[in-house]
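In: This is the structure alone, sequence omitted:
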């Protein structure tokens, strides 16, 4: 069963770091979309926190072709399904809006810490 992922940062196949680039290249593009979230600059990468009151953030939707690719993305994002409290990012369900206004259920990796500034 295909899984749809919203990407707003370094997982994008065009800018994925070397250690996740092979998995990112297996993602199949769907197209642009937005989600309601706040994005924080965490240095080497951004971190989003879902917030229905935030302005929409742009990104792209991709289909994850298989469970191996999803497992590689989870590991890279330090998402531990059996230990969410100690995960750096969580894979959360949300709804993205496409340019034509349609809504697409999807996953997104969200930052699992309180931003400190």
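Out: Received, thanks. Here the structure is a predicted model, which means the values were calculated and not measured.

In: just the helices in the chain please.
Out: Applying DSSP state H to the chain gives helices spanning 18-25, 67-76.

In: Can you lay out these as TSV showing mean neighbour count, distance to residue 98 and mean pLDDT?
Out: Bear in mind the C-beta positions are built from the backbone N, C-alpha and C, glycine included. Output for the helices of the chain, formatted as TSV (neighbours: other C-beta atoms under 10 Å; distance: least, C-beta to C-beta, whole Å; pLDDT from 0 to 100):
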stretch	mean neighbour count	distance to residue 98	mean pLDDT
helix 18-25	14	21	95
helix 67-76	16	21	96
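
In: Dump these to TSV, plus distance to residue 115.
Out: Putting those into TSV (distance: least, C-beta to C-beta, whole Å) gives the following:
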stretch	distance to residue 115
helix 18-25	23
helix 67-76	20
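
In: For residue 94, which of these is the nearest?
Out: When these are compared by C-beta to C-beta, helix 67-76 sits nearest residue 94, at 15.8 Å.

In: by contact count, what packs against the closest one?
Out: helix 18-25 (3 or more C-beta pairs under 8 Å, 6 or more residues apart in numbering; DSSP states H and E).
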